[in-house]
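1. Okay, here's the prediction I keep looking at, along with the sequence it came from:
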Amino acid sequence: MPPGAPTSGRALTVVALAILVLAACAVQADAATGSPHSLRAPRVTGHAVQTATLRVSRGTWSGGPRTFRHAWLACDASGRRCRARRAAHAATYRLVAADIGHRMRARVTASRRPAGRTLARSALSAPTKRVRAAQTGAPALAALVPGLGPFLAGIGPAGAEPGSPPSAPSAPETPVAPASTPVPMPVISRDAPAYASGGCGDPGAGDDASYDTRWDCPTVPSPAAPAWLAYDLSGNPAARRGVVVVAWFNEPITSQYDRSVTGDPAYNLPRDYAIEVKAAPGGGAPTGGWTRPVAAVTANTYNSRQHRLDLNGANWVRIAVTRADGPAQNDHVTLNMDVHDASAGITDDWIFYGDSITQDGMSHDTRKPASGPAVGTFAELINAAKPAFTPVFQNGGIGGLTSADGAARIGDWLDLFPGRYVTLNYGTNDALVASPGDASIVAPFRAHMKAMAEAVLAAGKVPIIPTIPWGSNPNLRANVPTLNEEIAKLRTEMPEIVAGPDLYTYFHEHQSLIGDGVHPTWEAGYAAMRRVWADFAVSLYP
């Protein structure tokens, strides 16, 4: 349960039972009448830019619908008060000038015809971002073609972080050839003297050795009274206080990597913030003298971020949050923050893009295995095997995503990631929503995975693709082997792709670690998955 959530067990139990009863009644009614019932809402993908093309998925339905109708809606800035676009009834929609400023949604109506009558239900997608006017030249191409930004960097400015001032650095390309082995990026903030605004929370919980503890400032921040966490790094040699990566993590408090994709709420997430430095001597509580922001972000929707910056020998670094994202009682700031020495390059740096299996499994916390000691984070497992290395890593998992979703968003995500290794963990939902043996999913899946791998390579980074995990769900049993064959073919076609761990074989041989037919068990299944990833990754280190 997120911090600040109600704790009245009896009230929650009554409400939960009522919800379950109503849901069961609805499902039973649909089963009795044969009416389609939406199990997962349709999803709109594509860039919200004039002339770009949006696409809507069907979603997932019970009741065996045979036909699907589409409608495209232009909504206000909150995603409500929508008006249908005339003659827009295909699964794709090309944005026009009249859509600028609107947030677009799609309605999918599923139908079937039992005994001469039609039964239909409609489901509505989440709204897109507000549609922007079309640009010309390099910025427009970078927005519309995932992964093209790095090629256009020499034409004009591209890839700046959303909400950043012009002087804020964008995520750079990996500064060492991708084929070379990682260079250590030691954590220079571990257990450094930490301070917080107004004595807010326990600042030492933000940089201690445990990711199960976090700096939790219960004060709602504002521009007039920011919530800030500062580290005194003067205990490190000056050579280590040059180019650094500052990484903060709010997950698993906010579980999805980018909450704007799903529309799910955030919990104590930094929304507007700046990373600032101070050149004063170390020791004692910091006061004034902070420089202008070396990185600034507004309207953040990600549960973790990295910032490459040059301290120029400064002793102090802090994150200052002026606005948080979350519902009442969860609208303050909770995070861990690490500072890594990046003077030798940003090479020991990973991000795990994927669906709910990634989202739930690759967080900054510990998990209990079936036996033995608790399993720490991916980075801690690497450090245990290779003590010179403590990689930076982010969990880029978002529940419900397919390979099409990943391909549509990979360009935006890579613009924010300065590291080297990019894992692409998709396919479970592609296989899950299709009927057993449905060959129509094969070619699109291959095309989407190829597009993502090409985008990663174009950004100067290393794509890593594991096999799709085994699951006992009938759709997975029938479809996953076929999709894994496509992954194997793609690896042969593109030898630059690194073959990730064989998650299919591992979970097929350890079926008790799959709990619901799809996901690893919480916690032993996910603990095992982390170990599989770490065992694979160690082979890439010197």
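-> Looks like it came in fine.
2. pLDDT score assigned to the closest residue to residue 519 other than its chain neighbours?
-> Of all residues not flanking residue 519 in the chain, residue 357 sits nearest, at 5.9 Å (Cβ to Cβ, 6 or more residues apart in numbering). Using the backbone N, CA and C atoms, a C-beta is placed for each residue, glycine as well. With respect to pLDDT, residue 357 scores 98.
3. What helix or strand is residue 357 located in?
-> Element membership for residue 357, per DSSP states H and E: helix 356-361.
4. Which residues does that helix contact?
-> 255-257, 352, 395-400, 425, 428, 469, 518-520, 522, 526, 529-530 (Cβ atoms under 8 Å, 6 or more residues apart in numbering).
5. buried ones in that helix?
-> Of the residues in helix 356-361, those buried by neighbour count under the rule 16 or more other Cβ atoms under 10 Å are 356-361.
6. now the helix or strand following it, how far from the centre of its chain.
-> Helices and strands here follow DSSP H and E; after helix 356-361, the next one along the chain is helix 378-385. Put simply, helix 378-385 sits 22 Å off its chain's centre (Cα atoms, centre = their mean, to the nearest Å).
7. cool, and stretch 245-260?
-> 7 Å.
8. end to end, how far does that stretch reach?
-> Using Cα to Cα, to the nearest Å, the end-to-end distance of stretch 245-260 comes to 25 Å.
9. Please apply the same query to stretch 256-275.
-> 23 Å.
10. Tell me the buried residues in that stretch?
-> Of all the residues in stretch 256-275, those buried under the rule 16+ other Cβ under 10 Å are 256-262, 266-275.
11. From those, which land in helices?
-> Among the buried residues of stretch 256-275, DSSP state H puts 259-262 in helices.
12. Relative to residue 285, which of these is nearest.
-> Of all these, residue 285 sits closest to residue 259, with 33.9 Å by Cβ to Cβ.
13. which residues touch that closest one?
-> 265-266, 269, 301-303, 325.
14. Tabulate the residues you listed in a markdown table, adding columns for distance to residue 417 and pLDDT.
-> Shown next, in a markdown table, are those (distance: Cβ to Cβ, whole Å; pLDDT from 0 to 100):
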| residue | distance to residue 417 | pLDDT |
| --- | --- | --- |
| 265 | 24 | 94 |
| 266 | 20 | 97 |
| 269 | 18 | 98 |
| 301 | 15 | 97 |
| 302 | 10 | 98 |
| 303 | 14 | 98 |
| 325 | 21 | 97 |
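15. Any chance of the buried residues of helix 356-361 in JSON lines with distance to residue 451 as columns?
-> JSON lines is the format used below for the buried residues of helix 356-361 (distance: Cβ to Cβ, whole Å):
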{"residue": "356", "distance to residue 451": "22"}
{"residue": "357", "distance to residue 451": "21"}
{"residue": "358", "distance to residue 451": "19"}
{"residue": "359", "distance to residue 451": "21"}
{"residue": "360", "distance to residue 451": "25"}
{"residue": "361", "distance to residue 451": "25"}
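16. how near is residue 438 to residue 301?
-> Per Cβ to Cβ, to the nearest Å, residue 438 is found 33 Å from residue 301.
17. how about residue 81, secondary structure?
-> coil (DSSP: H, G, I helix; E, B strand; the rest coil).
18. Bridging across strands, which residues link to residue 375?
-> On the basis of DSSP bridges, residue 375 takes part in beta bridges with residue 367.
19. give the contact list for it.
-> Residue 375 neighbours (Cβ under 8 Å, 6+ apart): 366-369, 381, 527, 530-531.
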